[in-house]
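# Return atomic coordinates for the entry below.
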Amino acid sequence: MSGMLSRLLSGARRTGPDPADAPPPRAPRPVFAVGDVHGMAGLLDRTLAQIEARIARKGLSDAAVVFLGDHIDRGPDARETLDLLMEAPARLGVETVFLRGNHEAFAVRFLDRPEVPTRWLDFGGDTTVESYGIDPHDYDDTAEGRAALSAALAEAMGPAHRRFLREALVTHHDAWPYFFSHAGIDPDLPPGDQPAQALVHGKPGFRKRGGWEGGFVVHGHFATDTPDFGPRRLGVDTGAYRSGVLTTAHCHDRGISFMVAAE
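Numbering: from 1, shown residues only. Modelled structure (predicted):
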């Protein structure tokens, strides 16, 4: 694992100004930011074990753990992933925050408004449906077919998973000078006025422009081979469903360090 971590960090992508000009700030409390899980339950389980062990070893009872969104889709184990996330607060014993990614937004829209044409199934939603024991190909891509599939999925999910997707996810976590969201921010607006569209789905040009002066944005959404540093920002989506690597950024009083779970 140490060799993989060295390769991960040595290849860290840097876009825009060199972050050495504005290094990550000190965090007033430890925060672990977990990248996009995308239905990779095994990697998530290992990540939770790593975080749990570090919290215990270093006595980080004041820590927070932020899951950066896109918990489901693309990978094969969305159902098991949601079970693990729902168990995480008790397992970790610290503040736990679940962000809404665009994939969760698409899934909820399919559950609530199946009459609206969607490409969710083509962009990874099919694996989520299959994780609940349903073959999406058994349903026609018509209003009636989508309604039937939505109803079958809702029943298979059960109330706990539906409630988690609808009610437990938030658009951002503000731990200034750190700010956590799934897809970044709108740099033209202050932290308190961020639109959900920018936080959940992204804002064109964000990665090049980066975060606010005096702040630092940690996000997922943009899959890269290694942690993706940019001006006053860091992306930690290392494409777990295709790379087999799930990355966590540990923000602490000396800056940022990384943890990786790998297949």
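
# shaky segments in this protein?
Counting by pLDDT under 70, the chain contains low-confidence residues at 1-22.

# who touches the lengthiest helix in it?
The single longest helix within the chain, with elements called by DSSP state H, is helix 143-163. By C-beta atoms under 8 Å, 6 or more residues apart in numbering, the surrounding residues in contact with helix 143-163 are 79, 82, 86, 110-111, 114-115, 118, 129, 132-134, 136, 139. (Each C-beta comes from the backbone N, C-alpha and C, glycine too.)

# Next, give me the two most distant ones among the residues you listed.
Based on C-beta to C-beta, the longest span within the contacts of helix 143-163 runs between 86 and 115 and measures 29.1 Å.

# okay, the two: which has more neighbours?
residue 86 (17 against 11; other C-beta atoms under 10 Å).

# Report how many residues lie close to residue 162.
Residue 162 has 18 neighbours, counted by other C-beta under 10 Å.

# quick one, strands of the stretch 1-150 of the chain?
Residue ranges of the strands in the stretch 1-150 of the chain, as given by DSSP state E, counting those that start in this stretch, are 13-14, 31-34, 64-67, 95-99.

# In TSV, list these along with mean neighbour count.
TSV is the format used below for the strands of the stretch 1-150 of the chain (neighbours: other C-beta atoms under 10 Å):
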stretch	mean neighbour count
strand 13-14	14
strand 31-34	26
strand 64-67	25
strand 95-99	21
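
# if we compare the ones you listed, which one ends up closest to residue 239?
Residue 239 lies closest, by C-beta to C-beta, to one member of the strands of the stretch 1-150 of the chain: strand 13-14, at 12.4 Å.

# Please report phi then psi for residue 170.
In terms of degrees, to the nearest 10, the main-chain angles of residue 170 are phi -120, psi 160.

# Could you shift the numbering so residue one becomes 51, and keep it that way?
All set: I'll call the first residue 51, so the last point we hit is now residue 220.

# bridging residues for it?
Going by DSSP bridges, residue 220 is paired in beta bridges with residue 149.

# Report the contact partners of it.
If you count contacts by C-beta under 8 Å, 6+ apart, residue 220 has them with 147, 148, 149, 150.

# Now residue 180. Nearest residue, chain neighbours left out?
What sits nearest to residue 180 in space, not counting adjacent residues and going by C-beta to C-beta, 6 or more residues apart in numbering, is residue 186, at 7.0 Å.

# From residue 278, how far off is the one you found?
When C-beta to C-beta, to the nearest Å is applied, the distance between residue 186 and residue 278 equals 32 Å.

# When these two are compared, which one has more neighbours?
Neighbours per residue (other C-beta under 10 Å) separate residue 186 from residue 278, with residue 278 holding more: 22 against 19.

# Can you pull the phi and psi angles for the closest residue to that one other than its chain neighbours?
If you skip the residues right next to it in sequence, residue 278 has residue 285 as its closest partner in space, 3.7 Å away by C-beta to C-beta, 6+ apart. For residue 285, the backbone dihedrals (degrees, to the nearest 10) come out as phi -100, psi 130.

# so residue 285 sits right up against residue 270, yeah?
Yes: with contact defined as C-beta atoms under 8 Å, residue 285 reaches residue 270; the gap is 6.6 Å.

# just how off-centre is the longest helix of the chain within its chain?
Relative to its parent chain, helix 193-213 has a centroid offset of 23 Å by C-alpha atoms, centre = their mean, to the nearest Å.

# do the same with stretch 113-130
Centroid separation for stretch 113-130 versus its chain: 6 Å, with C-alpha atoms, centre = their mean.

# and if you look at stretch 266-283?
For stretch 266-283, the gap between its own C-alpha mean and the chain's C-alpha mean amounts to 12 Å (C-alpha atoms, centre = their mean).

# Give me the distance between the two termini of it.
End-to-end distance of stretch 266-283 (C-alpha to C-alpha, to the nearest Å): 5 Å.
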